[in-house]
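> When you get a sec, could you give me coordinates for this:
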Amino acid sequence: MATLKMLDMAGKEAGNIKLDDAIFGIEPNENAVHEVIVNYLANQRQGTQSAKTRAEVRGGGRKPFRQKGTGRHRQGSSTDPSQIGGGIVFAPKPRSYRYALPKKLKRLALKSALSAKVLDKELIVLKELKFDAPKTKEMIKVLENVKAEKKALIVTAEKDLNVVKSASNIPGVRTALVNTMNVYEIVNHGSLILTEEAVKKIEEVYK
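Numbering: from 1, shown residues only. Okay, here's the model as predicted:
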């Protein structure tokens, strides 16, 4: 098991924590991570794009100009895709881009993302993260104390509104729970900040 130094909110050492190699110590599978991220982004698409086909464009009732003698190419309808204002060939229509992936693949991708953070030394474990009230300045101080990057993902075991509200106004900083964090968010943020309780819950849930 890998051992990582824990920090307190002041950025000082607060003991060590052992990380389960089955979750934080595997060889990252880049293909699995890629597939899960593509799936996540596809599932976020609204799929509301729409354009008119030749059959849906208004007009086209009569021949726009005579067949010969104009010096132009022959044309039978103003709705033809080659005409200005005509229909669109293979026009996009509203559709769902959602598709499912195997649970084993998603779990492998999550473990790979977590392990990659450990390898890249981008994982920060806090002994605890608590505020008496929502205070953005206090959260900024904590992030500076632990030397987190500008884009940071904070993961807690249980929902703490003071933590969520303290981080909500900081650009590039997001919060998540152990059961709501995803591979895209982990990879997309430079620093991954976990509380000690979050680490324990991750090892309990994903082992």
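> measure residue 195 to residue 25 for me?
Look at residue 195 and residue 25: by C-beta to C-beta, to the nearest Å, they are 20 Å apart. C-betas here are computed from N, CA, C, even on glycine.
> Spatially central residue in this structure, please.
For the chain, the residue nearest the mean C-alpha position is residue 184 (3.6 Å; C-alpha atoms, centre = their mean).
> Can you point out the helix or strand that includes that one?
Residue 184 belongs to helix 183-188 when assigned by DSSP states H and E.
> Distance from that helix to the middle of the chain?
Offset of helix 183-188 from its chain centre (C-alpha atoms, centre = their mean, to the nearest Å): 5 Å.
> avg pLDDT for it?
Helix 183-188 carries an average pLDDT of 96.
> So the residue nearest to the centre of the chain sits against residue 39, correct?
No: Residue 184 lies out of contact with residue 39 (C-beta atoms under 8 Å); the separation is 9.3 Å.
> Next up, the contacts around residue 110.
With contact set as C-beta atoms under 8 Å, 6 or more residues apart in numbering, residue 110 has these partners: 36, 182, 183, 186, 206.
> ok, it to residue 48 distance?
For residue 110 relative to residue 48 (C-beta to C-beta), the value is 30 Å.
> ok so, going back, and the next helix or strand past the helix holding residue 184?
Next along from helix 183-188, by DSSP H and E: strand 191-195.
> Give me the longest helix you can find in the chain.
helix 103-119 (DSSP state H).
> Can you mark which positions in that helix are buried?
For helix 103-119, the neighbour count (16 or more other C-beta atoms under 10 Å) marks 106, 108, 109, 110, 111, 112, 113, 114, 115, 116, 117, 118 as buried.
> Kindly indicate which of the residues you listed lies nearest residue 202.
residue 114 (7.4 Å; C-beta to C-beta).
> What is the neighbour count of residue 172?
Neighbour count of residue 172, defined by other C-beta atoms under 10 Å: 15.
> I figured it hits residue 148, correct?
No: applying C-beta under 8 Å as the test, residue 172 and residue 148 come out as separate, 9.9 Å apart.
> After the helix or strand of the chain with the lowest mean pLDDT, which helix or strand is next? Please name it.
Lowest on mean pLDDT, DSSP states H and E among the helices and strands of the chain sits strand 2-7, with a mean of 88. Next in sequence after strand 2-7, counting helices and strands by DSSP H and E, comes strand 13-19.
> Contact partners for the nearest residue to residue 29 once chain neighbours are set aside?
Spatially, and ignoring its direct neighbours in sequence, residue 29 is nearest to residue 112 (4.7 Å; C-beta to C-beta, 6 or more residues apart in numbering). Contacts for residue 112 were tallied using C-beta under 8 Å, 6+ apart; they are 26, 28, 29, 30, 32, 33.
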